[in-house]
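**Student:** Give me a 3D structure for the following:
(4 chains)
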There are 4 protein chains.
Amino acid sequence: MAMQFLSDNAASVHPKLWEAMRAADAPQAPYDNDALSLALDEAFSALFGRPCTAIWTATGTSANCLALAAMVPPHGGVLCHREAHIETDECGAPGFYTHGAKLILLEGEGAQIAPETIDAAVTAIRKDVHQVQPQAVSVTQASEYGRAYRPAEMAALAAAAGKHGLSLHVDGARFANAVAFLGCTAWEACQGAAALSFGCVKNGGMSAEALVLFDQELADVVRLRRKRAGHLQSKGRFMAAQVLAMLEDDLWLANARHANMAAKELAKAAADRLLHPVEANEVFLKTTAAEREALYAQGFSFYDWGPDAARLVTAWNSRAEHVAALARALAAL
Amino acid sequence: MAMQFLSDNAASVHPKLWEAMRAADAPQAPYDNDALSLALDEAFSALFGRPCTAIWTATGTSANCLALAAMVPPHGGVLCHREAHIETDECGAPGFYTHGAKLILLEGEGAQIAPETIDAAVTAIRKDVHQVQPQAVSVTQASEYGRAYRPAEMAALAAAAGKHGLSLHVDGARFANAVAFLGCTAWEACQGAAALSFGCVKNGGMSAEALVLFDQELADVVRLRRKRAGHLQSKGRFMAAQVLAMLEDDLWLANARHANMAAKELAKAAADRLLHPVEANEVFLKTTAAEREALYAQGFSFYDWGPDAARLVTAWNSRAEHVAALARALAAL
Amino acid sequence: MAMQFLSDNAASVHPKLWEAMRAADAPQAPYDNDALSLALDEAFSALFGRPCTAIWTATGTSANCLALAAMVPPHGGVLCHREAHIETDECGAPGFYTHGAKLILLEGEGAQIAPETIDAAVTAIRKDVHQVQPQAVSVTQASEYGRAYRPAEMAALAAAAGKHGLSLHVDGARFANAVAFLGCTAWEACQGAAALSFGCVKNGGMSAEALVLFDQELADVVRLRRKRAGHLQSKGRFMAAQVLAMLEDDLWLANARHANMAAKELAKAAADRLLHPVEANEVFLKTTAAEREALYAQGFSFYDWGPDAARLVTAWNSRAEHVAALARALAAL
Amino acid sequence: MAMQFLSDNAASVHPKLWEAMRAADAPQAPYDNDALSLALDEAFSALFGRPCTAIWTATGTSANCLALAAMVPPHGGVLCHREAHIETDECGAPGFYTHGAKLILLEGEGAQIAPETIDAAVTAIRKDVHQVQPQAVSVTQASEYGRAYRPAEMAALAAAAGKHGLSLHVDGARFANAVAFLGCTAWEACQGAAALSFGCVKNGGMSAEALVLFDQELADVVRLRRKRAGHLQSKGRFMAAQVLAMLEDDLWLANARHANMAAKELAKAAADRLLHPVEANEVFLKTTAAEREALYAQGFSFYDWGPDAARLVTAWNSRAEHVAALARALAAL
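**Tutor:** Prediction:
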């Protein structure tokens, strides 16, 4: 059996979530009318210190796209990074959910967007009917290269978006890792967002993410669109159970801290190879094919990242001895 | 705690499925590259006695709509019953997935379609660019009123569809109940179908249905569309585990038989009130509001079906004492 | 050359429109920034006695669908008659423009809808996320069978729509014929509408209809969607010229009166065969195939309307001698 | 009255086209069943020396998008230049017509694409369900900066597309100008294309473009989609008349030659300011705001092209004295 650094997507489900799902097995009202689903709003409002509406959905892709579809009309646009997950890894799902709205691609170090990039992009668009007019910005926290926006950066992004009347969406597939790194409050890490895709699956979940709507006026449309997208599961209580268990006693943060620490240990062992500072649970390392072969041969599982790099991902359950072994192997390369 | 006859949608998850999910908890390749997901084709090919491609998806709505979207272009149409689930209970999901194809509504007793109705509907459509041209027929097995198409009826439907070059989709949200009632093979109950939505959730599952493609040329598009719809779960192995457990030792049939027998018992107790013959696990009874109130007062949970009827749904885990109690109560009305 | 009663769709272009187009040939600003296009709002505001926004578009289908797409979200619905043009003759264009909103089909004599039918249809829809929620009603003035809603009927329709929060769209492909028949003001014939597709092409135009928005908040979206649908012609001034010429000195009404009178003459000659009262420029007559053959043989061109009927359509340029000849022929059948 | 170099989009309609439209005014079968519309296939097959299907549509946007929608499924992608008209100036129409397919943006000098850029772009896309898979390439002939692909370049593009199974679409809004410049056959200028948007409006037309389908299997879908998009005009004979008149005696080439020569004269006068070689009827000149003000003051009408440039467009009817005057003015700057 390989030592896993392939993806947090494939990790096991946390025991607390299993427990919560089993406890939810008694018959209840179907769809999202059960007591657990109904408890989500309050749980997330408490976490973020402000009123919000929270709904479960099975995947990050559906969470992202339900949010965008509620923010942006079919003839509109979404500003996002050229390497954003919504652009590169969702098979065009935003185009599907928004009915053809355009992703307007921005540049930025570490798959992060700077406020002035938003400003420049919007300014370059003629305000006429010939060009697609943007209505939203989507950023990823932590970014696709494991970089975390600081609270002040997040505030500046929200201000840049707001200046142009754009709603802010935060793809938080690894939001827990970002908050664990930043040491700030949950809200500080996404402040100004109208909607946050709050990831659970990569962080010990089985099949549930939460879509948190700080702009609660989006809620009615999101609920209709969720049904229309075939994402309103009839036994939704099992999804609510996962999400609530994740919040209980800040399990989400504990899991993320574990993964982050493992990533930090790897980063330390290969400091001179880092392609990006390590701020979450992903480590991108400059490596030759031969070096990667050597690591594979030692039983480590991970992805090549193009011809000259490797991507290592730690998880809530990365085993200390595997991490230590990989750190040694990296140091020895 | 109420005695549940509200919906099989809300029933508990079968212990065998829990076991299978727990057994799938070891890390594996993400998405549908794990061993369990890869085993689906073979399992369903064996069940149906012919080669097919089977994929998991979380809901019946997504299974139905992924199939239809692969069969029908955006400018096309789908013949279905006026009371089909895809028409009345999916918030327009077929319109979403197919990008606006039209559901062309047919009449028929018991929410069932007759072959000659298909023929007449297609014949009435001018073959020009002004009218929507149908490309598929969708029928529900068992129907929305719990009626099962006999094998010969299924064959006749497929022939009527084929005569006009239409693909046949079978919504099998309660396919198990139909097969259990018919006592035929799985294939006989959907023969001629290009695609079958094979329901598990109403039959003891948690969050997985199978979409079975007998027309395997649909598979590539269905896989892309599943991802694009946000339905490619990264820990898909838990869905595959549920589906495989359902097939093992014909658990799906055993569960359905239990539910059907309970429905039969209720039907027998209220034979003079039946709005439809009971062939699956749904019982539609003529009742007054006062009669329903009396039943509610005795602790039975079920849905009003308009002002003059009640819908009772049994499940794989309907308890014998509850069924007997309801039968007695019905007889006493 | 046949005597034409086939379709007003195929009639010649009125000389005044040719003149107006020629006069518009001097270079002007492209798209809809020319003086003629900019004059539409005022011309229609004067005609209807209230502020409105009017834009040109090439076809009735695009006018209808741009209006509906601005009124109804993709997950919404539009109530319309089962035989409405948008349902039966636009190849699913409403599904395309609205991104899959559902046409919810109503019954009614003469392809007309009664206010109470709207009420009953809305009431029957559960207010939940499983069923498509309507946002608009579309009626045709005059109807597909040439029936005109009286001002009071129009007001009642608007009230029934408004009671349920639905916007009212009027498909006025033959609006001129209705107003000419009713002898009322333009506004009385569509009162309460949020949008009117004001037909010109069937009434002596070449390639321009007007979409009149009484709910001016729809205008921005309609303009963007028109461009996005490829309907923003760069030499739009020629379309504006047609529409303005049609309004000048009430040419639209004069043309319609001519067509209506011709239809009346035919109706009188075949009073015992009428399938619908003749209130516009269409005459539906019960006829056998042999009778129709006899008419064809005499040089009359028209459509069979199923096996037992004929549809005769008159136009702004129906020639008196052709009408008289057909009247004689009908009387002689 | 200004001397017009603003846009060929706004120029007058050629007298031959007026004649042809007037001649088409006799009643004929509606939609595209008239003799003129039916003659398009043959006319274009003769022009291109190979069988093709040709249909009229009102705008370049609709021609482009109908072609792309027939080539590319909603989950697919289209490779095009970052500055392609379909990306920058159609309000997202490709996203609308294709139901959300992605435009995958390429770089290239002069808004032209090199074959190796196609190759590199396709190679970089993972062949899995997570990334959008391209099915077509769209290039503009002449390009958005007035550059013409040579026949050999066109062949190389087609080969690069074909190697990856991609269909080739050519946006020929100014195809006439390209062919006039290249001095090659019509086919050589678009060889290998599956579809060509053959522009007429910028070249003396009023309201008709031709969509030429060399891949005739696209024709049925294109016809249905044209209707569905509201582009099937009932008096289509007036559009066919324009297109046929354009082809007669090579009027399209004569018009384009005139415009090209005028552009050449301007280019010669401002050779040191050219931002792109002038190969069609557009001239992009480096200019200061003050210089442009000086030109405006002399009565020349044109667009600023960002802060540091001007775009001058000539047309089939650019007047010799205006061109000479502008040439002098440019030389004198």
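**Student:** Chain D contacts on the stretch 101-250 of chain A?
**Tutor:** A:101, A:102, A:103, A:105, A:129, A:130, A:131, A:132 (CB under 8 Å from any CB of the partner chain). Backbone N, C-alpha and C define where each C-beta goes, glycine included.
**Student:** Could you point out the helix or strand that follows the longest strand seen in chain A?
**Tutor:** For chain A, the strand that runs over the most residues, judged by DSSP state E, is strand A:133-140. Toward the C-terminal end, the helix or strand that comes next after strand A:133-140 (DSSP states H and E) is helix A:151-163.
**Student:** So which elements touch whichever helix or strand comes after that next one?
**Tutor:** Once the chain leaves helix A:151-163, the next helix or strand it forms, by DSSP H and E, is strand A:167-172. Applying 3 or more CB pairs under 8 Å, 6 or more residues apart in numbering or on different chains; DSSP states H and E, we find strand A:167-172 packed against helix A:60-71, strand A:133-140, helix A:151-163, strand A:195-198.
**Student:** want to throw the ones you listed into CSV with distance to residue A:277?
**Tutor:** Shown next, in CSV, are those (distance: least, CB to CB, whole Å):
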stretch, distance to residue A:277
helix A:60-71, 23
strand A:133-140, 16
helix A:151-163, 14
strand A:195-198, 23
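**Student:** Dump those to CSV, plus distance to residue A:122, mean neighbour count and mean pLDDT.
**Tutor:** Output for the helices and strands packed on strand A:167-172, formatted as CSV (distance: least, CB to CB, whole Å; neighbours: other CB atoms under 10 Å in any protein chain shown; pLDDT from 0 to 100):
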stretch, distance to residue A:122, mean neighbour count, mean pLDDT
helix A:60-71, 15, 29, 98
strand A:133-140, 6, 26, 98
helix A:151-163, 8, 18, 98
strand A:195-198, 20, 30, 98
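**Student:** Mind putting those into CSV with distance to chain C?
**Tutor:** Converted to CSV, the helices and strands packed on strand A:167-172 look like this (distance: least, CB to the nearest CB, whole Å):
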stretch, distance to chain C
helix A:60-71, 8
strand A:133-140, 8
helix A:151-163, 20
strand A:195-198, 18
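**Student:** Nearest approach to residue C:212 belongs to which of those?
**Tutor:** strand A:133-140 (24.6 Å; CB to CB).
**Student:** And chain B, is the closest one touching that?
**Tutor:** No - legend: contact between strand A:133-140 and chain B by CB under 8 Å from any CB is lacking; minimum distance shown is 14.9 Å.
**Student:** before we move on, back to that, and the residues of the stretch 101-250 of chain A next to chain D, which is closest to residue D:330?
**Tutor:** Nearest member of these to residue D:330, counting by CB to CB, is residue A:130, at 27.5 Å.
**Student:** Excluding chain neighbours, what is closest to the closest one?
**Tutor:** Once flanking residues are discounted, residue A:130 sits nearest to residue D:89: 4.7 Å by CB to CB, 6 or more residues apart in numbering or on different chains.
**Student:** For chain B, what's the nearest residue on the stretch 1-150 of chain A?
**Tutor:** residue A:62 (3.1 Å; CB to the nearest CB).
**Student:** quick one: contacts for that residue?
**Tutor:** Applying CB atoms under 8 Å, 6 or more residues apart in numbering or on different chains to residue A:62 gives the contacts A:93, A:209, A:226, A:229, A:231, B:229, B:230, B:231.
**Student:** can you do 10 Å?
**Tutor:** A:90, A:93, A:97, A:197, A:209, A:211, A:225-226, A:229-231, B:58, B:229-231, B:233 (CB atoms under 10 Å, 6 or more residues apart in numbering or on different chains).
**Student:** ok, now residue A:69?
**Tutor:** A:93-94, A:96-99, A:101, A:218, A:221-222, A:225-226, A:228-229, C:73-75.
**Student:** repeat for residue A:19
**Tutor:** A:241, A:245.
**Student:** And it, how far from residue A:317?
**Tutor:** 16 Å (CB to CB, to the nearest Å).
**Student:** So residue A:103: helix, strand or coil?
**Tutor:** Put simply, residue A:103 is strand when judged by DSSP: H, G, I helix; E, B strand; the rest coil.
**Student:** So for it, what's the pLDDT?
**Tutor:** pLDDT, residue A:103: 98.
**Student:** Just grab the bridge partners of it for me.
**Tutor:** Using DSSP bridges, the bridge partners assigned to residue A:103 are residue A:78.
**Student:** Mind jotting down where the helices sit in the stretch 151-300 of chain A?
**Tutor:** Taking DSSP state H, counting those that start in this stretch as the test, the helices found in the stretch 151-300 of chain A are A:151-163, A:175-182, A:219-228, A:237-247, A:251-269, A:289-297.
**Student:** Residue D:167 is nearest to which of those?
**Tutor:** Taking the helices of the stretch 151-300 of chain A one by one with CB to CB, helix A:219-228 is closest: 31.4 Å.
**Student:** what angle sits between the closest one and helix A:60-71?
**Tutor:** On the basis of axes from the mean of the first three to the mean of the last three CA atoms, to 10 degrees, helix A:219-228 is oriented at 130 degrees to helix A:60-71.
**Student:** Give the other helices and strands that helix A:219-228 contacts.
**Tutor:** strand A:53-57, helix A:60-71, strand A:209-213, helix B:60-71, helix B:93-97 (3 or more CB pairs under 10 Å, 6 or more residues apart in numbering or on different chains; DSSP states H and E).
**Student:** and with 6 Å instead?
**Tutor:** Applying 3 or more CB pairs under 6 Å, 6 or more residues apart in numbering or on different chains; DSSP states H and E, we find helix A:219-228 packed against helix A:60-71.
**Student:** which residues does the nearest residue to residue A:282 once chain neighbours are set aside contact?
**Tutor:** Nearest residue to residue A:282, sequence neighbours excluded (CB to CB, 6+ apart): residue A:146, at 3.7 Å. By CB atoms under 6 Å, 6 or more residues apart in numbering or on different chains, the contact set of residue A:146 is A:279, A:280, A:282.
**Student:** Can you add neighbour count and give those residues back as CSV?
**Tutor:** As requested, the contacts of residue A:146 are exported to CSV (neighbours: other CB atoms under 10 Å in any protein chain shown):
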residue, neighbour count
A:279, 24
A:280, 31
A:282, 28
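**Student:** will you turn these into JSON lines that also has pLDDT and distance to residue B:242?
**Tutor:** Converted to JSON lines, these look like this (pLDDT from 0 to 100; distance: CB to CB, whole Å):
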{"residue": "A:279", "pLDDT": "98", "distance to residue B:242": "37"}
{"residue": "A:280", "pLDDT": "98", "distance to residue B:242": "31"}
{"residue": "A:282", "pLDDT": "98", "distance to residue B:242": "30"}
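**Student:** Closest one to chain B out of those residues, please.
**Tutor:** For these, the nearest to chain B is residue A:282 (14.8 Å; CB to the nearest CB).
**Student:** Confirm for me that the closest one is in contact with residue A:312.
**Tutor:** No - in this structure, residue A:282 is not within contact of residue A:312 by CB atoms under 6 Å, at 7.2 Å.
**Student:** Can you get me a residue count around residue A:95?
**Tutor:** 29 (other CB atoms under 10 Å in any protein chain shown).
**Student:** ok, it touching residue D:100?
**Tutor:** Yes - contact status for residue A:95 versus residue D:100: in contact at 3.1 Å, counting by CB under 6 Å.
**Student:** Whichever residue of the stretch 151-300 of chain A sits closest to chain B: what's its closest spatial neighbour, skipping adjacent residues?
**Tutor:** Minimum separation of the stretch 151-300 of chain A from chain B (CB to the nearest CB) falls at residue A:230, amounting to 3.1 Å. Excluding its sequence neighbours, the residue lying closest to residue A:230 (CB to CB, 6+ apart) is residue B:62, at 3.1 Å.
**Student:** Which one, of the helices and strands packed on strand A:167-172, ends up nearest to residue B:272?
**Tutor:** Of all the helices and strands packed on strand A:167-172, helix A:60-71 comes closest under CB to CB, at 47.1 Å.
**Student:** Report the inter-axis angle for the closest one versus strand A:53-57.
**Tutor:** Going by the same axes, to 10 degrees, helix A:60-71 makes 140 degrees with strand A:53-57.
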